[in-house]
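**Student:** my questions concern the predicted model and sequence given below.
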Amino acid sequence: MRITVIGTGYVGLVTGVSLAEIGHHVTCVDVDEAKVAMMANGISPIYEPELEQLMEKNIQSGHLSFTTELHFSSADVIYIAVGTPQLPDGTSDLQYIEQAALDIARSLTKDAIVVTKSTVPVGTNHWIKTLIEEATPKEIKITIVSNPEFLREGSAVYDTFNGDRIVIGTENNQGREILDDINASFGLPIYHTDLKSAEMIKYASNAFLATKISFINEISAICEKVGANVEDVAFGMGKDNRIGDKFLNAGIGYGGSCFPKDTNALVQIAGNNEHDFKLLKSVIKVNNSQRMKLVERAIEAVGDLSGKRISLLGLSFKPNTDDMREAASIPIAQELVNQGAHVVGFDPIAIPNARSFLPEEVQFKETIEETIRGADVALIITEWDVIKSIDLTAYTTLMTSPIVIDGRNCYSLDEVRRHPIHYISIGRPEIQNRFVANSLNTR
Ligand SMILES: NC(=O)C1=CN([C@@H]2O[C@H](COP(=O)(O)OP(=O)(O)OC[C@H]3O[C@@H](n4cnc5c(N)ncnc54)[C@H](O)[C@@H]3O)[C@@H](O)[C@H]2O)C=CC1
Ligand SMILES: O=C(O)[C@H]1O[C@H](OP(=O)(O)OP(=O)(O)OC[C@H]2O[C@@H](n3ccc(=O)[nH]c3=O)[C@H](O)[C@@H]2O)[C@H](O)[C@@H](O)[C@@H]1O
């Protein structure tokens, strides 16, 4: 099948490369000339494991190409994968979707199947179809399909080939049959539904996962007060198949380009339809306050942060990605700078992106050791393997005072107990050996 994918971000590029890998002829279109030039040379503009190897392989085999030209007339199927960011009031900004629809309409010379991969509010697929139809000759027939994406950043390629389901929302059998054909080689379960239900499945899935995270974070706050351990609690809960053991990691909350924007968008979709989504509003509120916990703990541990050297370990919103969108490091770094702290940041991959997201006062270091050297407090923001696997003696030998506040519960408490560290994590008992207190007093 000849497929054109519009938009080559995390979703569009991975979709295009994966469809090429299973044998389709894919043209990826983007308006960003610099990005297209990179991709045409086999270089991925995003950090995503396995992606670049597959890109190179499929460019070589002639299955994958990149262009800025907005001509779609030779495609059998056109995928829309442009961004749907959040407007200030929480609703989805559909300007890129609208532009893509108009670009499609302008160049169509025959019937087309248009597939929406982007996450869009309920009813948007009908709107896209109407937009295209209004701008094309009457004899051209448009079939619209909603095919929401469930990949996670950091494991996007793996997820595309090993996902739990493919959702295909259609308005007729033709769209359904062609999408079944296109996706057959992925070998994943396909679930068919109507357009609106497919759109809703995407928001409901992200909102439910966000709810699990805020729920376990609330439980972690109670664990801290009563002296329980949230990891043991989550493990015990997760053994019940009805609950499941995934997405119960307590921490500093969810970030990224999707959970924050999609939860806000669903609150707006509900509100526009006269439903006050109280539960989801609370999920968002809990998440917003969760992010500041590390700063609050730092103040409890050392008092006034002014003039203190504070290390941020991990800057991206989660490990294995360079994506800084809605990363917890952004409000945390801003608050630390506001309080007069001297902030030093480390991330194995995201530093180039982080420079434009974090306050200019933040300094960056290439290694964990350089980042924590001379620090008064280390805050763990992202659970990169390189941070999880560090020898804990580095904290005691390099820091001015070994106070580690771990927003991702990276270390086992048994391991921490073997080191003279003041260790504060989320929903687990605080560890402050007498030895640490003594060593701090003698500094
Ligand atoms: N990032 C993720 O992990 C996931 C994202 N989604 C959804 O997928 C959609 C895309 O998200 P991302 O890939 O993160 O976006 P992104 O912001 O990384 O990429 C969007 C791309 O579209 C391009 N673009 C915009 N307008 C265009 C036009 N008219 N023609 C050609 N190219 C155009 C931009 O230059 C950019 O390269 C969003 O709706 C998002 O909610 C869904 C699942 C996962
Ligand atoms: O719509 C999207 O964009 C995507 O959003 C999420 O994927 P992603 O944002 O890439 O990453 P996740 O692994 O879901 O993590 C999101 C955030 O939740 C946090 N998280 C996750 C799991 C957990 O138990 N606890 C927790 O705090 C992570 O640290 C991260 O900040 C969903 O998992 C994907 O299915 C979906 O396609």
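**Tutor:** It's in. Residues are numbered from 1 along each chain as shown. Ligands and ions are numbered 1, 2, ... in the order given.

**Student:** wait, what's in contact with the residue of the stretch 201-350 of the chain found nearest ligand 2?
**Tutor:** Of all residues in the stretch 201-350 of the chain, Cys258 sits closest to ligand 2, at 2.8 Å by Cβ to the nearest ligand atom. No exception for glycine: its C-beta is placed from N, CA and C like everyone else's. By Cβ atoms under 8 Å, 6 or more residues apart in numbering, the contact set of Cys258 is Thr119, Asn206.

**Student:** the one 5 residues further on now?
**Tutor:** Taking Cβ under 8 Å, 6+ apart as the definition of contact, the neighbours of Thr263 are Asn206, Ala207, Ala210, Leu280, Val283, Ile284.

**Student:** how about the second one, secondary structure?
**Tutor:** Spelled out, it's Ala207. When classified by DSSP: H, G, I helix; E, B strand; the rest coil, Ala207 comes out as helix.

**Student:** and it, how far is that from Thr143?
**Tutor:** Plainly put, Ala207 is 29 Å away from Thr143 if you go by Cβ to Cβ, to the nearest Å.

**Student:** same question for the fifth one.
**Tutor:** Computed as Cβ to Cβ, the Val283 to Thr143 distance reads 36 Å.

**Student:** quick revisit: mind putting the contacts of Thr263 in JSON lines, neighbour count, distance to Pro359 and pLDDT included?
**Tutor:** Converted to JSON lines, the contacts of Thr263 look like this (neighbours: other Cβ atoms under 10 Å; distance: Cβ to Cβ, whole Å; pLDDT from 0 to 100):
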{"residue": "Asn206", "neighbour count": "23", "distance to Pro359": "29", "pLDDT": "98"}
{"residue": "Ala207", "neighbour count": "21", "distance to Pro359": "31", "pLDDT": "98"}
{"residue": "Ala210", "neighbour count": "24", "distance to Pro359": "27", "pLDDT": "98"}
{"residue": "Leu280", "neighbour count": "20", "distance to Pro359": "30", "pLDDT": "98"}
{"residue": "Val283", "neighbour count": "25", "distance to Pro359": "28", "pLDDT": "98"}
{"residue": "Ile284", "neighbour count": "22", "distance to Pro359": "24", "pLDDT": "98"}
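
**Student:** after the host helix or strand of Asp103, next one along is what?
**Tutor:** Using DSSP states H and E, Asp103 sits in helix 95-107. Counting by DSSP H and E, the next helix or strand C-terminal to helix 95-107 is strand 112-116.

**Student:** that next one and ligand 1 in contact?
**Tutor:** No - using Cβ under 6 Å from any ligand atom, strand 112-116 stays clear of ligand 1, coming no nearer than 8.9 Å.

**Student:** now for that strand, which elements pack on it?
**Tutor:** Counting contacts by 3 or more Cβ pairs under 8 Å, 6 or more residues apart in numbering; DSSP states H and E, strand 112-116 packs against strand 77-80, helix 95-107, helix 124-134, strand 142-146, helix 173-183.

**Student:** can you do 6 Å?
**Tutor:** strand 77-80, strand 142-146 (3 or more Cβ pairs under 6 Å, 6 or more residues apart in numbering; DSSP states H and E).

**Student:** per-residue confidence averaged over it?
**Tutor:** When pLDDT is averaged along strand 112-116, the result is 97.

**Student:** compute the inter-axis angle for it and strand 142-146.
**Tutor:** Put simply, strand 112-116 runs at 20 degrees to strand 142-146, going by axes from the mean of the first three to the mean of the last three Cα atoms, to 10 degrees.

**Student:** just the C-alpha atoms of strand 112-116, please, in PDB.
**Tutor:** Presented in PDB, the C-alpha positions along strand 112-116 are these (Å, rounded to 0.1, in the frame of the first residue of the first chain):
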ATOM      1  CA  ALA A 112      -9.000   9.000  -0.400                       C
ATOM      2  CA  ILE A 113      -8.800   7.200   3.000                       C
ATOM      3  CA  VAL A 114      -7.800   9.600   5.700                       C
ATOM      4  CA  VAL A 115      -6.600   8.100   9.000                       C
ATOM      5  CA  THR A 116      -6.300  10.200  12.200                       C
END
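
**Student:** contacts for that strand?
**Tutor:** Residues from elsewhere that reach strand 112-116, judged by Cβ atoms under 6 Å, 6 or more residues apart in numbering: Val77, Ile78, Tyr79, Ile80, Asn125, Ile142, Thr143, Ile144, Val145, Ser146, Asn147, Ile178.

**Student:** in its sheet, which strands sit next to it, and in what direction?
**Tutor:** As defined by DSSP bridges, the strand partners of strand 112-116 come to strand 77-80 (parallel), strand 142-146 (parallel).

**Student:** okay, those strands in TSV with mean neighbour count, mean pLDDT and distance to Phe357 next?
**Tutor:** Shown next, in TSV, are the strands paired with strand 112-116 (neighbours: other Cβ atoms under 10 Å; pLDDT from 0 to 100; distance: least, Cβ to Cβ, whole Å):
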stretch	mean neighbour count	mean pLDDT	distance to Phe357
strand 77-80	26	98	27
strand 142-146	25	97	32
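
**Student:** relative to Pro121, which of these is closest?
**Tutor:** For the strands paired with strand 112-116, the distance to Pro121 is smallest for strand 142-146, at 11.4 Å, taking Cβ to Cβ.

**Student:** could you give the separation of the next helix or strand after that closest one from the chain centroid?
**Tutor:** Sequence-wise, the next helix or strand downstream of strand 142-146 (DSSP H and E) is helix 156-162. The chain centroid and the centroid of helix 156-162 are separated by 15 Å under Cα atoms, centre = their mean, to the nearest Å.

**Student:** follow-up on the earlier one: would a markdown table of the strands paired with strand 112-116 with distance to Val337 be doable?
**Tutor:** Formatted as a markdown table, these follow (distance: least, Cβ to Cβ, whole Å):
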| stretch | distance to Val337 |
| --- | --- |
| strand 77-80 | 39 |
| strand 142-146 | 43 |
